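Trainee: generate a structure from the sequence data that follows.
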Amino acid sequence: MRATVTAADQHELADRAGVPHSFVERLVELGIVTPGDDGSFSDADLYRVRFVRSSERGGLSVEWIARAIDEDRFSLAFMDGPHYRWASWSTRTYAEIAAEVGLPIDFVLAFEQALGRIRPQPDDAAPGDLAAMLEPSRIALDAGVDAVAQLRLFRVYADALRRIAETEGDLFHRLIEVPQLESGVGHGAMLEFANRVGAELTPRLEALIVAIYRRQQERVWTDDGIQHMEGAIEAMGLHRRTERPTAFAFVDLTGYTRLTEERGDRAAATLAADLADLVQEEVGSRGGRAVKWLGDGVMFSFRDPAAAVHATIEIGRRTSEVGLPEAHAGIAVGPVIFQEGDYFGRTVNLASRLAGPPSRVRPWWMPRWCASPKTCRVSSSVASGASSSGACASRLRSSRSGLAERNSPTPFEGWWCPRQESNLRHPV
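Mentor: Residues are numbered from 1 along each chain as shown. Okay, the predicted model is just below:
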């Protein structure tokens, strides 16, 4: 059964694929794409044209591709699968689409740029799905959401979905395609097998992504609704809101770069994955959330500073249990700026500096343990918040508490060094 008709002839196929007419004529002559009995082409033919065009730009001759297909070394038949549903180029320009949806042309061009494309020109042909993609923007603008804020949001969407697609592709290649080739089958048979798996997986993965998104949506929307409900009850004089500044923590692994050089990138990636599992277990179980992954470290947030101390110290204590290098960490609490899915401000900067690698030269005022790799350093605001929790306060030592350095250190300990914090807030 032939796929949906996309182009009535070669010229329309070239226009929708965004390639010169002569390129499609060449592919037809070589038998890479074949028209139907009525001279039309399918959506799968469109994908084949774009695939070969990208291959040519990558240095593969079109003639080589045709020869590989003729000799049954490779096949583009997999693009007939139902899970290939990519947008074609339309016959309308960006300027025409902008006028149709009622949005400024500058916003429409910036929209494409926010999604990761080179900024197009107003008279360039637009993708066929662009008009539908711009509908939310029109509604949001009417509701008062300015263009700058929307573009920031779209950059977050594009970055998150890019990472999802790249991670999926890497997993599919390493765990499905490569094992097939290593078993001795040819590229054509491997693609046929992978395509069958992909046809089953793709719609289910897309449903999974939407389901995960809705779970996250429920969490965020519920939190927002509770804050508004709390404000309404507070305005009635029935309740007084308790300010709960967010605590931010950084955990970094010691010697990660050296290990990467010694053991290779694959081992480094395994270490990062092991750290992610440990963080998810300790942070998630205490009501925290990982907000940024840094390869050799992680940044996470907590509503409760005491929970941040417990989780951070446990992560540091357990690194050796799961075969990870020693860790050093820092925690600070206070106001931050949230933008494009990330957090900024002095609180984040202080937590990062407190988590900095131990200095080889220890200042006279810093206890020996404060300069140890196995240390979680906290700000005074965290120490103050922790004092209300006996169990948490017992896990923090102060450099001005008179504790003798002759005491044996625990495997991973929390330290509050006020003098150090002052220097980090106002570095010389």
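Trainee: residue 230 belongs to a helix?
Mentor: Yes - counting by DSSP: H, G, I helix; E, B strand; the rest coil, residue 230 is located in a helix.
Trainee: quick check, it in contact with residue 240.
Mentor: No - with contact defined as Cβ atoms under 8 Å, residue 230 does not reach residue 240; the gap is 9.9 Å. Just so you know, the C-beta spots here come from the backbone N, C-alpha and C atoms, and that holds for glycine as well.
Trainee: what mean pLDDT does stretch 95-112 have?
Mentor: Mean pLDDT, stretch 95-112: 95.
Trainee: no, scratch that, I was asking about stretch 175-182
Mentor: Averaged across stretch 175-182, the pLDDT comes to 93.
Trainee: and that stretch, which residues are buried?
Mentor: Along stretch 175-182, these residues count as buried under the neighbour rule (16 or more other Cβ atoms under 10 Å): 177, 180.
Trainee: residues contacting it, please?
Mentor: With Cβ atoms under 8 Å, 6 or more residues apart in numbering as the contact definition, stretch 175-182 has outside contacts at 187, 189-190, 193-194, 197.
Trainee: same thing but at 10 Å, please
Mentor: Here stretch 175-182 makes contact (Cβ atoms under 10 Å, 6 or more residues apart in numbering) with 169, 172, 185-187, 189-194, 197-198, 201.
Trainee: neighbour count winner among residue 230 and residue 240?
Mentor: Taking neighbours as other Cβ atoms under 10 Å, residue 230 and residue 240 compare with residue 230 leading, 14 against 8.
Trainee: buried stuff in stretch 41-51?
Mentor: Buried, per 16+ other Cβ under 10 Å, within stretch 41-51: 41-51.
Trainee: and stretch 91-99, by the same measure?
Mentor: In terms of neighbour count (16+ other Cβ under 10 Å), stretch 91-99 has its buried residues at 92-98.
Trainee: what's the offset of it from the middle of its chain?
Mentor: Taking the mean of its C-alpha atoms, stretch 91-99 sits 31 Å from the chain's own mean (Cα atoms, centre = their mean, to the nearest Å).
Trainee: mind saving the C-alpha coords of that stretch as CSV?
Mentor: In CSV, the C-alpha atoms belonging to stretch 91-99 read as follows (Å, rounded to 0.1, in the frame of the first residue of the first chain):
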residue,chain,number,x,y,z
THR,A,91,4.6,26.6,-0.8
ARG,A,92,4.1,29.6,1.5
THR,A,93,6.7,31.9,2.9
TYR,A,94,7.4,33.0,6.5
ALA,A,95,5.9,36.4,5.7
GLU,A,96,2.7,34.8,4.4
ILE,A,97,2.4,32.5,7.4
ALA,A,98,3.0,35.4,9.8
ALA,A,99,0.2,37.4,8.1
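Trainee: show me what it is in contact with.
Mentor: Outside of stretch 91-99, the residues within contact range by Cβ under 10 Å, 6+ apart are 12, 15-16, 90, 100, 103-109, 111-112, 120-128, 130-131, 133-134.
Trainee: narrow these to those that are buried.
Mentor: Among those, those buried by neighbour count (16+ other Cβ under 10 Å) are 12, 15-16, 90, 103, 107-109, 111-112, 120, 125-128, 130-131, 133-134.
Trainee: among the residues you listed, which ones are in helices?
Mentor: Secondary structure assignment by DSSP state H places 12, 15-16, 107-109, 111-112, 130-131, 133-134 of the buried ones among the contacts of stretch 91-99 in helices.
Trainee: between these, which is nearest residue 65?
Mentor: Distance to residue 65 across these (Cβ to Cβ) is lowest for residue 16, with 20.4 Å.
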